[in-house]
Each structure stands twice: as structure tokens, then as C-alpha cells.
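In: whatever this is, show me its structure:
(2 chains)
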Amino acid sequence: MEILGLLLDGVFIALDPLNIMLMLIGVALGLFIGAMPGLGSVNGVAILLPATFLVPPASAMIFLAAIYYGAMYGGAISSITLGIPGASTAVATTFDGRPLALKGRADLALVTAAVASFVGGSVANVLFTAFAPPLASVALDFGDPEIFALMLLAFATFVGLGGDDIPKTLFSIFFGLVMASVGLDIMTGEPRLIFGDITGFMHGINFLVLAIGIYGIGEMLWTIDSTRGNLTMTEAVLSIRRILSACRESIKGWKGTAIGSFLGFFVGILPAAGATPGSLMAYGVTKMVSKNPKEFGKGHVGGVAAPEAANNSASTGAMLPMLTLGIPGSPTTAILLGGMVIWGLQPGPLLFQTQTEFVWGLIGSFYISNLFALIVNLAFIPLFIWMLRMPFTVLAPMIFVLSVVGGYAATQDMHDVWLMLIFGVGAYLLRKLDYPVAPAVLAIVLGPIAEPKLRQSLLFSSGDPMIFLERPISGPITIIAIILILLPLFKLIRDKFKARKAAAG
Amino acid sequence: MAISRRHILGLAGALSIGALVAGLPGTAAAWEPTKPIDFIIMAGKGGGADKMARLMQAIVESEKMASKPLVPVNKSGGSGAEALIAAKGANDPDHTIMVTLNSFFTTPLRQPKLGIDIMTFAPVGRMAEDTFLLWVHKDSGIKTFEEFLAKAKADGNKWVMGGTGKAQEDELLTEFLNNNFGLSIKYVPYKGGGTVAKQLAGKHINSSVNNPSEALGFYESGDVVPLVSFTAERLPLFPDVPTLKEKGKDFSYGMQRAVVGAPGMSADAEKYFQDLFAKVYNSAKWQKYRKDKSLFGDLMAGDALKAYWQEQRERHRKMLTEMGAIK
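Out: Numbers count the residues shown, from 1 in each chain, chains lettered A, B, ... in the order given. Got it, this is the predicted structure:
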């Protein structure tokens, strides 16, 4: 009950006219920052951080959190309408959002994304409010072996992602892992695979560069090739009724929404993970438990709902270790943490006691921002649909320009733009040869997290891999992951066996 | 639609500093920046160096100290190698400055192929020297440095020290403890000081040599205990924590938090930035941060800073050689 009282106080702080205005501006700005390829919540928050010195710290934080929230909603927009992930957190949304748009159901995909985001955000808010301190200690219990086990689980859920051709899926995963190992090796301090000292490779391959290359450029080439430019993406009908019916239809994705909401939050609170792996894992798990996994990747509502619910939920989750432990769970919260230091607040275990008003005002604002973001997002959907009425011959150059800008914005390095174009052409060719590319994207996101965790764990155990099985949390996770990885193999053997039997009989 | 980040930054700058066009009048002949200043940060977003850089940027903007905004760019790759190369190859050295830490000394030593001579950088200002302490978890029961030595010695290479990066500050300190106290602590590198602090609080590692700013949260909550400081004098924030010198080893080690100008910066621009960061240094906000985060070291610029670099470079050369990281 005490928590409810504190929350109510917090909501009142958040309802201050100045804060309401900041939240509205924040979510609208965030929506557009998220929708611009290459500009994600990290850039948005970093750019606008200095602008917040005009208002008190609590309001500044509320403003930045609103941008963070809005960007999570916005990332889905370009993923669905243009097929370019608007932000790293929305990469998984392209898997099914884009096919839906190509089928003329962009409205359904956009509404599903908005509703799932709202539900994900709300679930996370409730979990945050009720369980912040105990969950913080869970986050602390996750050491290196535990995080590695979790990453292994994520890979396991994705082995099935590329369809039935397992060798091609594995090729794609390994390709992604090699890309992920480019750059400085944290364990030895030596640069790896920089191709004879090309300095652009020093910072590694930003995975957004790969994702925009594959989904922006590659997808555009593919569409031009397969349709010769004769493509109308959506029927131009737009009405309240249609949006309402889309709302009803989006309920079909409830399973994805539910999985995304809880899984996203949990992954979000773990330091080092954040919303991007959270959304990818939610997609993988939803596909795995679905009755028709074959429909995923072809425009399944659940495939849009899961990553969108997860990225909103994870973004709230990532606030938890930041506020309670002073450890950011995602790159964006790392910037927010920097902001708090500038405002003279010390995040950490004592923040909840020493800065009650700040903390609960912020939590209160999560609820209100989430609602505002839903309303603003739904209000803009007609505009996004209208964009799709343009013929593809107009859209294609737009996608190209946005991809180039997005590739540059992430690191401000021309090197990355060239790399992105190479990835785009490569992805197009791979697709021609029927290779799945999504596993490569997953690998380049999770690889840099998994690799140091594996090596740190093995350093602890002096090289003994049993460390992953012996610990109480990592043990069960590792075993589940291994079973999941082997499952398709068993299936393969069984099918072969059956086929032989049939041939013999 | 093709809005570059620079434009948005410009817009944000304009929003926050208002329609400040003329800036500080100054004398007629004084050099003034004619466009936004590239502010390279030699570390990733959210780390200690990044927080400090953004604080400097915030002070410059909120107190309207410069007529053009500072545009922060994080270049964390290759232990700072990426940042050093970017600064060396800057198109306009007069509008390129960089926040550095000790990788400014170690990275060019470890990677001579980069062709970086730190003496070619413009000595704008050393804003502080960050300090290091030895931390353990309270549940270990260890209260003094002597108890730590006994326990770590007994545990041999089962005792794990977590730290930031490989062959950087934290590992140099671990190596120092191993060599001088007959220990064989195992060093496990992590990406940043915040992660290390969390690993210690979660009892996944046995000890750390975090900066105060990184461990402060868990120190205040009582989870971690400082045992000894690697400074010449006791830190005001931790008056009960002895220095290593009191424990019989005359050794102190700090981390420079300095702003440098790109090689090739003109003398006029160098003067401008020295004055600008002297103002930042003297601002109430910076002084408060120094006090809160237990930072040492007074402002140092020009030839004094270059002499300090020279001395630090030789010291790190010696430490890295002893460690076997360089020949």
C-alpha cells in the first residue's frame, strides 16, 4: 500500500503542467527520432541532454525518458513502412512488419506495433513499481556465466528462425559472429580482423550498419528485382473504421505481446543486454511456441507484437538497474546516467531513499508518457500510410537516401556507409541464393555480448566449461539451450530415417 | 528528410543557448571559433570519461562560455586508437579537441604502428586527476589491507580482480600488487568501470580498483569496502582509508582527465581553448564535481602539461615493459 501512495504522489508530480508539456514534446520528438533510420533513442537522448539544463532535474529526466519511450514506438514505423529498421531496437519488427506492409496490411502492422508497445510498457511499469528492489538483486546475481547461458538460449531460439535449411542458417549465424568479432578484442587489447589497419574497423562493425544494409539496401534491390517497380503497397483506404478493425485483428498477436512484455522486461534489467537483444529474443521465443512457426517471416501479427512489446518493456526494465544500482542496462540509459551525474544526483542503491520525489515522479511519468505515446502514435498512423501510397519508384530512392543517412549517423564515418552498401548488395545476392539473413543480424547483436562473457567465465574457471552447468542459475538455462539447439538435429535425423523407411517400404 | 546529425545538434544547441550570436566579445584580435567544435571523447558513451566530457560540455553551454557549441563524438575503438587517429587526421585542427585518459599514454606505446606522437597534441588543460582505491565486498569480512594480503595470498590465482580493459590502468595496478606483495591475483578484464563495480557488488569477483566515481553508489549503500588508496595523501572523501604509502610502498597512481587539441592546432586557437577550459575548471559546477567524486590534481596547461605527459609516458613505458605488454 505504501508503494501505491508513493506512486500516486509520483503521478501528481508528473501531472505538473510543465512536465505534461515536456512529456508531449518528448514522445513526439522521440517518435520521429525513432522513425529516422540511424537515429535511435541513444542519439536522441545524447543530443538533447544539454537542452535539459533549463528545467529542474526531475522534469529533465521525465523529458528524456519520454524521448526514450517515444523512440521505442517510432522505431517500428520505418521498419514497417519502408523496411529499414528505424532503430536497433526495431530490427526484429522488420521480420514480419515489412511482409505485412507488402501485403497491403501496413495499417494492421502499425496498429499492432502501437498496441503491443503500450501493453509492453504498461506491464513493465507495473513490474517496475511493484518489484524494483528485489529485481535489482536478481540483476546482481547474474554474473558472466549466467549472461552467457542466456545468450546461448537466444541463439538456440533462433536456430529455427531461418526456415528449415539448417546448414544455411548456421552459415548465416557464423557469418554474423565473424562480423561481430571485428575490432578491438577486450580480453587481449589487440585489434582483430581490421584488414591491414583500416581504422574504420577499429570500432568494430556497428550492427545498425549491417541491419540497414540488409534491410534497407538489400530489401530495396530485392523488391525492384522481383516487381520491376510495379508495386502498390497498400490500398489507399483510410478510415477510423479500418483502424478500429485493425485494433481488433491485432489481438491475434496477444501471445507475442505477452511473451514480449515479460521477456523484454527481464532481459532489459540485466546489465549489458538492453532492448535490442530483448526484442530479438522475444521474436525467437514467440516463433518457437507458435502453432504455425512457418507463418513467421511472412507477415504474422505475433511477429510484430512480440518485438514491439519487448522493446518498450525492456526500455523500462533497463531503467531499473540504472536507478537502483547505478548500472545502465542499455546504451541509452548509460547517457541518462551521465545526465543524472550532471544534475548532481547519485544513482545507486540509496537513490530510492534520498531522492524519493525524483524517483517516484519519474516512475509516475512512465505511466503517463506511455499513454501519450500511444495516442500520438495512433494519431500519426494515417500520415505513415499515406507515405506508402507513393509509387515504389519514388519510395526506392527515398529508402536509399535514408539508408545512407542512417548508416552515416550511427558513427559519423564514411567508412560505415561503404560497408553498408557492400552488406546491402551481399544480402541481396544471399537472398537470391535462398540464405536467411536474420540469423546474421542476431549474431552480430549477441556475439559481442556473448563472446567476452564466455571468455571471462572460462578465465574464472581456469578453462573448465563445467562452470556453465555447475552454477544454480546458469546450469538450467544452459541445459535448456543445448536441448533447443539439438532439437532440429533430432528432427532432421528422424525425418531422414522416415524417408529412408518410406523409400525402402 | 536528409537531416544530418550535425544539423540536429546545431538545432539543439540553438535551442539551449538561445539566439546567442556574438558570443563573448573579447578583444578584437582574439581567435574565436567560426563553426561548431568537434569534441572527441576517447571512450564509449556512459563511461567515466564520457560523463566528465558531457559535464564539461554542459558547463560551457549553460554558462554560455563559447560562441559555438561543442559537439561530442564518442570514439572508443581500439582503447582510444580510433580517437587518436581521428584527432591526428582532423581536417580542421583548430576546431577539434579531445578528452583523454591514460590510454593517451598506453595506446601509442602499445601500438607504435599507429604513428601517434602525443607531444604533437596541443596541451589545452588537465582538468583533474582521477584516483584509484582497492575495493572488496563487505561479505568477504576483510577490513584492512593486511587482511586482504593474507587472504589473497592464501587464495593464489583463485583470487580474481576485475578491471577495465587489458593492459590499462586497472591491470597495471593489479600487476603492481602482484609484483610487490608476492601475490598471484588473476585479472579479468571488463568493458567499463560500472560493470566492474556491479561484478563486485554481485560477488562475482573478489576485488576491484575502481575510481571513486564508479564505486560510490555501492560504497554509500555499504556493499563494498575501500581498503587502501593509490594516492600520495588520504582522500578527503575517505579519511579513514590509508594510502599505500602508509603501508610501506611509496607508490601513487592517478588517471589524467585532460583536454587536448588536435595536432597542428594554431597557437591562437590553443590559447582560446586554454582560457575556455580554465573557465570551466574554475566554475562552481566543476569544483563541486571534483569534490563529490574525490578527484585530485590542479589545473595544468601549456608547457607544464607537456612536461607531465613526458613524465607519464616514461612511467607507463616502464610499467608496460615490466608487465611484458611491450618490449
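In: how many other residues sit next to residue 248?
Out: All of this refers to chain A. Applying other Cβ atoms under 10 Å in any protein chain shown, we find 9 residues neighbouring A:Arg248. Quick note: C-beta positions are derived from backbone N, CA and C, even for glycine.
In: switch to chain B, please.
Out: When neighbours are counted by other Cβ under 10 Å, B:Gly248 registers 10.
In: where does the stretch 151-300 of chain B come near chain A, residue by residue?
Out: With Cβ under 8 Å from any Cβ of the partner chain as the criterion, the stretch 151-300 of chain B meets chain A at residues B:157, B:160, B:165-168, B:186, B:188-191, B:194-195, B:197-199, B:201-202, B:204, B:213, B:216-218, B:220-221, B:223, B:288-289, B:292.
In: any weak-confidence spans in the stretch 151-300 of chain B?
Out: Residue ranges of the stretch 151-300 of chain B with pLDDT under 70: none are present.
In: and the lengthiest helix in chain B, does that touch chain A?
Out: Counting residues, the longest helix in chain B under DSSP state H turns out to be helix B:302-323. No: figure legend: helix B:302-323 not in contact with chain A (Cβ under 8 Å from any Cβ); closest approach 10.9 Å.
In: let me know the average pLDDT across that helix.
Out: Helix B:302-323 shows a mean pLDDT of 94.
In: can you check stretch A:32-39 too?
Out: Here stretch A:32-39 scores 82 as its mean pLDDT.
In: does that stretch reach chain B?
Out: Yes: residues of stretch A:32-39 are located near chain B by Cβ under 8 Å from any Cβ, namely A:Met36, A:Leu39.
In: helices or strands next to the helix or strand where A:Trp386 lies in the packing?
Out: Taking DSSP states H and E as the definition, one finds A:Trp386 inside helix A:356-388. Under the contact criterion of 3 or more Cβ pairs under 8 Å, 6 or more residues apart in numbering or on different chains; DSSP states H and E, helix A:356-388 touches helix A:2-14, helix A:17-35, helix A:57-81, helix A:106-141, helix A:301-325, helix A:351-354.
In: and the third one, what does it pack onto?
Out: When you say that, I think you mean helix A:57-81. Packed against helix A:57-81, as judged by 3+ Cβ pairs under 8 Å, 6+ apart, are the following elements: helix A:17-35, helix A:41-48, helix A:91-102, helix A:106-141, helix A:301-325, helix A:331-342, helix A:356-388.
In: what does the stretch 351-500 of chain A have sitting close to chain B?
Out: A:Met398, A:Val401, A:Leu402, A:Val405, A:Tyr408, A:Ala409, A:Gln412, A:Pro452, A:Gln456, A:Leu459, A:Phe460, A:Ser462.
In: dump the residues you listed to JSON lines, plus neighbour count.
Out: Shown next, in JSON lines, are those (neighbours: other Cβ atoms under 10 Å in any protein chain shown):
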{"residue": "A:Met398", "neighbour count": "17"}
{"residue": "A:Val401", "neighbour count": "13"}
{"residue": "A:Leu402", "neighbour count": "22"}
{"residue": "A:Val405", "neighbour count": "20"}
{"residue": "A:Tyr408", "neighbour count": "19"}
{"residue": "A:Ala409", "neighbour count": "22"}
{"residue": "A:Gln412", "neighbour count": "16"}
{"residue": "A:Pro452", "neighbour count": "22"}
{"residue": "A:Gln456", "neighbour count": "24"}
{"residue": "A:Leu459", "neighbour count": "17"}
{"residue": "A:Phe460", "neighbour count": "19"}
{"residue": "A:Ser462", "neighbour count": "10"}
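In: right, and A:Ile422 touches A:Ile214 too?
Out: No: with contact defined as Cβ atoms under 8 Å, A:Ile422 does not reach A:Ile214; the gap is 11.0 Å.
In: between these two, which has more neighbouring residues?
Out: Applying other Cβ under 10 Å to A:Ile422 and A:Ile214 shows that A:Ile214 carries more neighbours, namely 27 against 13.
In: so what's the residue count around the closest residue to the more buried one other than its chain neighbours?
Out: Once flanking residues are discounted, A:Ile214 sits nearest to A:Ala427: 4.0 Å by Cβ to Cβ, 6 or more residues apart in numbering or on different chains. Around A:Ala427 there are 25 other residues, counting by other Cβ under 10 Å.
In: likewise for B:Glu270?
Out: Neighbour count for B:Glu270, taken as other Cβ under 10 Å: 21.
In: which of the helices or strands spans it?
Out: Counting by DSSP H and E, B:Glu270 is part of helix B:267-282.
In: helices or strands up against the helix or strand following that helix?
Out: Downstream of helix B:267-282, the first helix or strand assigned by DSSP H and E is helix B:284-292. Packed against helix B:284-292 by the contact rule (3+ Cβ pairs under 8 Å, 6+ apart) you find helix B:48-62.
In: report the mean per-residue pLDDT for the helix it packs on.
Out: Helix B:48-62 comes out with an average pLDDT of 86.
In: kindly report the same for stretch B:117-135.
Out: 95.
In: same check on stretch A:476-496?
Out: Averaged across stretch A:476-496, pLDDT comes to 84.
In: kindly report the same for stretch A:385-398.
Out: Across stretch A:385-398, pLDDT averages out at 80.
In: is it fair to say B:Lys64 lies in a strand?
Out: No: assignment of B:Lys64 by DSSP: H, G, I helix; E, B strand; the rest coil gives coil, placing it outside any strand.
In: which residues of the stretch 151-300 of chain A lie near chain B?
Out: A:183-184, A:186-189, A:191, A:197, A:199, A:202-204, A:271-272.
In: what helix or strand is B:Ser294 on?
Out: Per DSSP H and E, there is no helix or strand for B:Ser294.
In: does it touch B:Leu237 like I think?
Out: Yes: in this structure B:Ser294 lies within contact range of B:Leu237 using Cβ under 8 Å: 4.0 Å.
In: mutual contacts of these two, please.
Out: The overlap between the contact sets of B:Ser294 and B:Leu237 (Cβ atoms under 8 Å, 6 or more residues apart in numbering or on different chains) consists of B:Pro212.
In: dihedrals phi and psi, the residue in the stretch 101-250 of chain B that chain A sits nearest to?
Out: Proximity of the stretch 101-250 of chain B to chain A (Cβ to the nearest Cβ) peaks at B:Gly217, 2.3 Å away. Dihedral pair for B:Gly217: phi -60, psi -50, per degrees, to the nearest 10.
In: sorry, back to before: need the helices and strands packed on helix A:57-81 in CSV with distance to B:Met127, can you?
Out: Below are the helices and strands packed on helix A:57-81 laid out as CSV (distance: least, Cβ to Cβ, whole Å):
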stretch, distance to B:Met127
helix A:17-35, 31
helix A:41-48, 21
helix A:91-102, 39
helix A:106-141, 33
helix A:301-325, 26
helix A:331-342, 15
helix A:356-388, 28
